[in-house]
Structures are given as structure tokens and as C-alpha cells.
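[1] Sharing a model that was predicted from the sequence below.
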Amino acid sequence: MASSQPMIPIHVSLQELAKEFKVAVPDRYVQEHREPTIIFNGSSPLPSIPVIDLKDFIKMLGKNDDNLKSLRSVCQEWGIFQLVNHGVDKLLVEKMKKETIQFFNMPVEEKLRYKLEGGEYEGYGQTILHTQDQKIDWADRFYMITNPIQKRKSHLLPEFPPSLRETMENYLQELQKLAINLLGLIGQAVDIEKQEMVDIFEDGIQSVRMNYYPRCPQPDLVIGLTPHSDATGITILLQVNDVDGLQVKKDGVWIPVNFLPDALVVNIGDILEIMSNGMYNSIEHRATVNTTKERISLAMFFNPKLDADVGPAKSLLTNTGDPPLYKTLVMEQYLKDFFSRKLNGKTFIEKMKINSEAIELDQIS
Ligand SMILES: O=C(O)CCC(=O)C(=O)O
Ligand SMILES: [Fe+2]
């Protein structure tokens, strides 16, 4: 069974190790089957992810439902967009970026105070290994659950340098407000009642991941972050140091995301794909690295409450009359199942589909 697989933390920081790999990367980081990035062939423009201006969007709300229709098609066709004029205080965002950089610039001994322990998935370290021969992503990460507060691990955020702790807290609160507004709108666009979204997501499970991707002598051989869809409702991503590297899989090909200045990138996670009964797409994405500059990003994940049902939204099924295409699981169990597997594209959500082959396979194993 997947849940009994060992979880092996790697205690060394790649940020330190990478300084020794000036010419070649060790085998453990080499991805033999990495899919290529789309190459611009000069005849058709490279597709780019849609942009939503939240200020304009809100202004038009109630006047007609054109913007809800376009939000719906963005979330269906892409499952990811850049959000501009999002209303999050610019100075706070700048402070959050600066202090995230400072976090990774702390001496390694300091960072290892937050290191991942065996069997845990919260803390600082490299990829959590589910098998001994698993390839390792070219990155260090810090991951923790931030909400509800009683779920916080006392050796993580509470022990951060005071300024970072305070900035993270303020940033979290701002993003919580933004996330609940976005979730309401995204739900409304597929006939999920706002109250149902609020009941499921308000005071839900929230977590943060800070990603550090060192420079790499052979960037095409490694992957910064393995292809995956997020097991979330929505994720709000901040690119911390203006170095691009995020890619999304659209119509079978990997295309790079060029972050707009001051934009936050919002992506639809598996839980919204399930809640929308498959109308939305939880976008598959990955991070690539480069030879010249390290890259830092900060993702915040917004999820239902632990005791909420994760399944096609009841109001959507009532309003559309459609049969449910996904199973329903309690959030707590959903999270346990997710963390017991290694990241692997969209295979996890496949297991939630009713009548999928993946479910049958899982039941046999
Ligand atoms: O670094 C990035 O741009 C992507 C991060 C991400 O997808 C994640 O943390 O889940
Ligand atoms: Fe992600």
C-alpha cells in the first residue's frame, strides 16, 4: 500500500551542495525522461497564460455576466492565470519577497533548525523520498501548514526570525482574504453557491511552500519541481526574485510562464477540479532551472476544512442535474492519501474519478 512506503528526508541543503557541482550534476538529480519545453518555431506565437485584472473584474460584476463567463473559460481551458490589480499591499509583497530571500540566505545551520524529520513532510529540506532510488528535484523547500493555528508545528513558523514571522503572518492574512474572494467567484462561475464555498473553505487548511532552485550547470538534465497538479482548492504563487522557470502543460506541451511584474499567479488545484465535477482543470505544472541565477518562489495553498467533504459540490449537482464524476472523501483522508504518494503529474486526481481504471488498480493493490 502507498501509505506504508518509507518517507526519507535528505538532510543536506542543495543550496550548499550545488556550489560543488560546477560542471556536472550527480546522477541522483538526472531525469532521464524529462519532456522538452515547447520551442518557438517562428510561425505561430507562443501561447501565454491568461491575465485577469481583479479591479476591472469586480467593477463589472453584477452589470452582466461576461466576466464570469470568461473566468469560467479561463479555469476550464487553462486552470491558471496571472492576477493583476489583486489589491494585496505592494509594500507587504516586497517585504515578503525580501525576507524570503533572507531566509534562504541564512547560514545552513540556521535553516537546518527547521529540517524535515523522518516521516514528516513539514520543514526544510530537499525532495521527500518515497523510494530509495527516486530521483531528486533540483531544489530546497520549506513547507508548513499555517492554518488552522493549532496545526502549526511549534519548531517552524513560531521559531522564525521575528520579522519574517510577522511578515509571513500579514501576508497570509491578506492572501486569505484574496483567496476566499477568488474561490467565491470561481465557484459562482460554475454555479456553485457562494455559501457552499464559504462553508467549505473558510478557516480551511492552509499551507505555504518556499522553493529555492539553485543555479545548475546542466539545467536541461534536471527538474526544479517534478510535474504535478496541486492537491489544493487554489494556489497563489509569488515569484520572489524575478527569475522565470514555471512551466505549464497545455494541450500536451510544456510552455513557460513569463511572470508580469506585480502579478500573482493563481492556479486551480485538484480539489476545485473535483468540486466543479470536472468542469475546471487542475493544471499540470513544473519548475525548470537555469545556469545563471537561482530562483525563489513562494506558494500558498488554500484548502477545505479538515472535516469538509471533498467531492463534486452539492449546489452544482443540484443546479446542473449532472451525475457526480468524482468520489467524495473527507478532507483529512484526502490529505493523508495525497501525502503518502510521490508527486507524479495528475495521477492522484485520476484515483478520485468514479469508474476510473486507476481506482480499480488501487483497489487491487
Ligand atoms: O516555483 C514555482 O514556480 C512553482 C511552485 C509550485 O508549483 C509549488 O510549490 O507547488
Ligand atoms: Fe505546484
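    Structure received. Numbering: from 1, shown residues only. Ligands and ions are numbered 1, 2, ... in the order given.
[2] which ones are touching Met144?
    Taking C-beta atoms under 8 Å, 6 or more residues apart in numbering as the criterion, Met144 is in contact with 122-123, 152-153, 156-157, 207-208. Where you see a C-beta, it was placed from the backbone N, CA and C, and this is true even at glycine.
[3] which element follows the helix or strand harbouring it toward the C-terminus?
    Using DSSP states H and E, Met144 maps to strand 140-147. Downstream of strand 140-147, the first helix or strand assigned by DSSP H and E is helix 162-188.
[4] For that next one, buried residues please.
    164, 167-168, 171-172, 174-176, 178-180, 182-188 (16 or more other C-beta atoms under 10 Å).
[5] Which neighbouring elements make contact with the helix or strand following it?
    Using DSSP H and E, the next helix or strand after helix 162-188 towards the C-terminus is helix 194-201. Contacts defined by 3 or more C-beta pairs under 8 Å, 6 or more residues apart in numbering; DSSP states H and E place helix 194-201 against helix 162-188.
[6] again, only using 10 Å
    Helix 194-201 sits against helix 162-188, helix 270-275, helix 314-320, with contacts defined as 3 or more C-beta pairs under 10 Å, 6 or more residues apart in numbering; DSSP states H and E.
[7] could I get the ones you listed as JSON lines with distance to Lys305?
    What follows is those, written out as JSON lines (distance: least, C-beta to C-beta, whole Å):
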{"stretch": "helix 162-188", "distance to Lys305": "13"}
{"stretch": "helix 270-275", "distance to Lys305": "12"}
{"stretch": "helix 314-320", "distance to Lys305": "15"}
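[8] Smallest distance to ligand 1 belongs to which residue of the stretch 101-250 of the chain?
    Leu246 (3.6 Å; C-beta to the nearest ligand atom).
[9] residues in contact with the residue nearest to that residue when sequence neighbours are not counted?
    Once flanking residues are discounted, Leu246 sits nearest to Val257: 4.4 Å by C-beta to C-beta, 6 or more residues apart in numbering. Applying C-beta atoms under 10 Å, 6 or more residues apart in numbering, we find Val257 in contact with 48-49, 80, 82, 237, 239, 244-248, 263, 265, 267, 285, 287.
[10] go on, Lys293?
    By C-beta under 10 Å, 6+ apart, the contact set of Lys293 is 213-215, 241-245.
[11] Hey, what's the angle from the strand holding Met144 to helix 162-188? Just curious.
    70 degrees (axes from the mean of the first three to the mean of the last three C-alpha atoms, to 10 degrees).
[12] could you give the mean pLDDT of strand 140-147?
    Averaged over strand 140-147, pLDDT sits at 96.
[13] circling back to that earlier point, and the least confident of the contacts of Lys293?
    Within the contacts of Lys293, lowest confidence goes to Asp242 (93).
[14] just checking, that one touches Ala263?
    No - Asp242 lies out of contact with Ala263 (C-beta atoms under 10 Å); the separation is 11.4 Å.
[15] The two: which has the busier surroundings?
    Shown here are Asp242 and Ala263; by other C-beta atoms under 10 Å, Ala263 has more neighbours (21 against 11).
[16] quick one: contacts for the nearest residue to the more buried one once chain neighbours are set aside?
    Leaving out its chain neighbours, the residue that sits closest to Ala263 by C-beta to C-beta, 6+ apart is Gln82, at 4.1 Å. Applying C-beta under 10 Å, 6+ apart, we find Gln82 in contact with 48-53, 237, 257-260, 262-266.
[17] and which of those is nearest ligand 1?
    Leu237 (5.7 Å).
[18] so for the helix or strand hosting Leu92, what's the average pLDDT?
    Here Leu92 sits within helix 90-105, counting by DSSP H and E. Averaging pLDDT along helix 90-105 gives 97.
[19] before we move on, what about stretch 261-274?
    Stretch 261-274 comes out at a mean pLDDT of 97.
[20] got it, and stretch 19-37?
    Regarding stretch 19-37, the rounded mean pLDDT is 89.
[21] in it, what's buried?
    21, 25, 29-30, 34.
[22] hmm, who's touching that stretch?
    10, 14, 17-18, 126-127, 129, 133-139, 214-223, 226-227, 247, 249, 252-256, 286, 288.
[23] repeat that for 7 Å
    With C-beta atoms under 7 Å, 6 or more residues apart in numbering as the contact definition, stretch 19-37 has outside contacts at 135-136, 138, 216-218, 221-223, 247, 254, 256.
[24] Drop anything exposed from those residues.
    Neighbour counting by 16+ other C-beta under 10 Å classes 135-136, 138, 216, 221-223, 247, 254, 256 among these as buried.
[25] Just flag the most distant two among these.
    Farthest-apart pair in those is Ile136 and Pro256; separation 22.7 Å (C-beta to C-beta).
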